[in-house]
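In: Whatever this is, show me its structure:
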Amino acid sequence: PAPSSICACPLEHLRAAAMLDARGPSFAVAVVGAFVLLTAAAPRAVDGAVLPWTLDPTGLLGPRRWLTLYALTVPAKEALNAALLLLERKVLGLRSIEEGTAKVCKLERLEAVDLAFLSLNSLVEFIGMSHILALLLSGPLTYRLSDFGVTNGPVALIAAMLVNDMLYYPFHAIAHQRSFYPYCHKQHHRQFLPFRGYLDASNQHPFEQLCGFSIFLVSLRISSWAFGLHAGAAWVAFVAWAVLNICNHLAFDSKIHLPLPYPAYPHDHQMHHRFPQCNYSTLTTMPDRIFGTFREYVALDAPPPPPEKKLMWFENLVDPAEPKEEPEPVWFGNGRPEAVPSAWSFVGLLVSLVFATAVIEIYHMGDLPNHHEWGHFVKTTIVLINISFVCMAIEKACQEEIKPKPKKERIYTKPRMHEAVRNGHSKQFVGSKQVFKPKLNTPIPAKSLKRE
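Out: Down below sits the predicted model:
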């Protein structure tokens, strides 16, 4: 798109987004029908379970309890969305990234097709959360506080989040291909500028919801196989994954992020909604930077770049004797580097891991851990606090502007022939005779020469 389209949403974009495409709903009906057939043929999770494995992977819920929990999750997600909105607007006092002088076009009112997809996705989300809950309760995880460590705690959590984005990136990129886009992902991009949070995040195709939950489950299992994931780290990963997905669709540019390399922020996902061919990842921008699809954030009310001035023919000529003007590189002075997460992200990760692991230990033991068991957090605390100090030092150092030493410019001249002279000496001609002297300022007495 043209640079001028950064400031405002073209009317054609709204018309194309608001136009109902029958291919998306038709594919949704096909996905639901396939899931119903799979559910009818699926076995029970455990002996004595009432519901099939696809609906109740834990085998602990009956139909009445299953419907009750499903009904409770609908207002719970809205309550979480309201809490995040209150936190960012009132507590943190964040500025809305849609504010400015530019007129912003967005999906102000949800239509019937949006409400239909939201209703269907609320059921899909509950089924996906049931499978995640089954993994958290009886998966290949460790649950005791004595088993908690650096490897199966923060390292496994960070690895799971990185794997999640690495797997989600190709799926998201393929969903934007011309052959697949109208069948699946077009519904989510009806919103040009997300601002509702949960409603805009969940307004997508049910096939995307199923794939998103499946990718997250696979990421947890890969991390558990590689590092031995602890249940406390898995719970923190699940909550962070859900909360950050909602924050990416709010109208506030919060700096809440996971301690990942090149952490992603809500304004990066807003750029994806404005320019769909960039910023496919959600938790870290590292996959986009690797594959060249990352795009820097530009404010909605930013002025368009000035038009390129057309030079005359003589202005394009370059004098070979004139030194090249190169901008002096500035190594620091721009604040924290984009590749380094903030120090507070590691502190928040430490607090979350301690809280989640302690709650799981209390649930299993029925009592508070003693002081010996709390000692299992010492190694993790030392590692994360030291890493946070390193990130803080990097951020502090990068706030000061340091420029490299200027290089000596070498001006182009024509090559000349020079006669070799001993080092520290110069040649001087006296009376047609060649005399060497050790210093330039040493006088040479005149000699009388006889003319032959």
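In: Please make it C-alpha for all contacts and neighbour counts, starting now.
Out: Noted.
In: So residue 158 sits against residue 260, correct?
Out: Yes: using C-alpha atoms under 8 Å, residue 158 is in contact with residue 260, at 6.7 Å.
In: Helices of the stretch 151-300 of the chain, residue ranges please.
Out: Here the stretch 151-300 of the chain has its helices, by DSSP state H, counting those that start in this stretch, at 156-175, 198-202, 206-227, 231-247, 266-274, 286-291.
In: mind checking which helix or strand the closest residue to residue 261 other than its chain neighbours is in?
Out: Distance criterion C-alpha to C-alpha, 6 or more residues apart in numbering; nearest residue to residue 261, sequence neighbours excluded, is residue 339 at 5.1 Å. Here residue 339 sits in a region with no helix or strand, counting by DSSP states H and E.
In: Test my guess that residue 339 contacts residue 263.
Out: Yes: at 7.2 Å, residue 339 counts as touching residue 263 under the criterion of C-alpha under 8 Å.
In: higher neighbour count, the two?
Out: The neighbour count for residue 339 versus residue 263, taken as other C-alpha atoms under 10 Å, is higher for residue 263 (21 against 13).
In: which ones are touching the more buried one?
Out: Taking C-alpha atoms under 8 Å, 6 or more residues apart in numbering, we find residue 263 in contact with 257, 283, 284, 285, 286, 338, 339, 340, 341.
In: Adding distance to residue 37 as columns, could you present those in a markdown table?
Out: Below are the contacts of residue 263 laid out as a markdown table (distance: C-alpha to C-alpha, whole Å):
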| residue | distance to residue 37 |
| --- | --- |
| 257 | 40 |
| 283 | 34 |
| 284 | 37 |
| 285 | 38 |
| 286 | 39 |
| 338 | 47 |
| 339 | 46 |
| 340 | 47 |
| 341 | 45 |
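In: List only those of those residues flagged as buried.
Out: 257, 283, 284, 285, 286, 340, 341 (16 or more other C-alpha atoms under 10 Å).
In: Make sure the last one is indeed in a helix.
Out: No: Residue 341 is assigned coil when assessed by DSSP: H, G, I helix; E, B strand; the rest coil, not a helix.
In: Tell me, how many residues neighbour the closest residue to it other than its chain neighbours?
Out: Take residue 341 and drop its neighbours on the chain: the residue closest to it by C-alpha to C-alpha, 6+ apart is residue 259, 5.3 Å away. Residues lying near residue 259 (other C-alpha under 10 Å) number 24.
In: my guess is residue 259 contacts residue 339, does it?
Out: No: in this structure residue 259 lies outside contact range of residue 339 using C-alpha under 8 Å: 10.3 Å.
In: how about the host helix or strand of residue 85 as PDB, C-alpha atoms only?
Out: Per DSSP H and E, residue 85 falls inside helix 63-86. The C-alpha coordinates for helix 63-86 follow below in PDB (Å, rounded to 0.1, in the frame of the first residue of the first chain):
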ATOM      1  CA  PRO A  63     -23.500 -33.300  30.600                       C
ATOM      2  CA  ARG A  64     -25.000 -31.000  33.300                       C
ATOM      3  CA  ARG A  65     -21.600 -30.100  34.700                       C
ATOM      4  CA  TRP A  66     -20.200 -29.600  31.200                       C
ATOM      5  CA  LEU A  67     -23.000 -27.200  30.200                       C
ATOM      6  CA  THR A  68     -22.700 -25.300  33.600                       C
ATOM      7  CA  LEU A  69     -19.000 -24.800  33.200                       C
ATOM      8  CA  TYR A  70     -19.400 -23.700  29.600                       C
ATOM      9  CA  ALA A  71     -22.000 -21.100  30.600                       C
ATOM     10  CA  LEU A  72     -19.700 -19.800  33.300                       C
ATOM     11  CA  THR A  73     -16.800 -19.300  30.900                       C
ATOM     12  CA  VAL A  74     -18.700 -16.800  28.700                       C
ATOM     13  CA  PRO A  75     -19.000 -14.100  31.400                       C
ATOM     14  CA  ALA A  76     -15.600 -15.000  32.800                       C
ATOM     15  CA  LYS A  77     -13.900 -14.100  29.600                       C
ATOM     16  CA  GLU A  78     -15.800 -10.800  29.400                       C
ATOM     17  CA  ALA A  79     -14.800 -10.100  33.000                       C
ATOM     18  CA  LEU A  80     -11.100 -10.800  32.100                       C
ATOM     19  CA  ASN A  81     -11.400  -8.400  29.200                       C
ATOM     20  CA  ALA A  82     -13.000  -5.700  31.400                       C
ATOM     21  CA  ALA A  83     -10.200  -6.200  34.000                       C
ATOM     22  CA  LEU A  84      -7.500  -5.800  31.400                       C
ATOM     23  CA  LEU A  85      -9.200  -2.700  30.000                       C
ATOM     24  CA  LEU A  86      -9.400  -1.200  33.400                       C
END
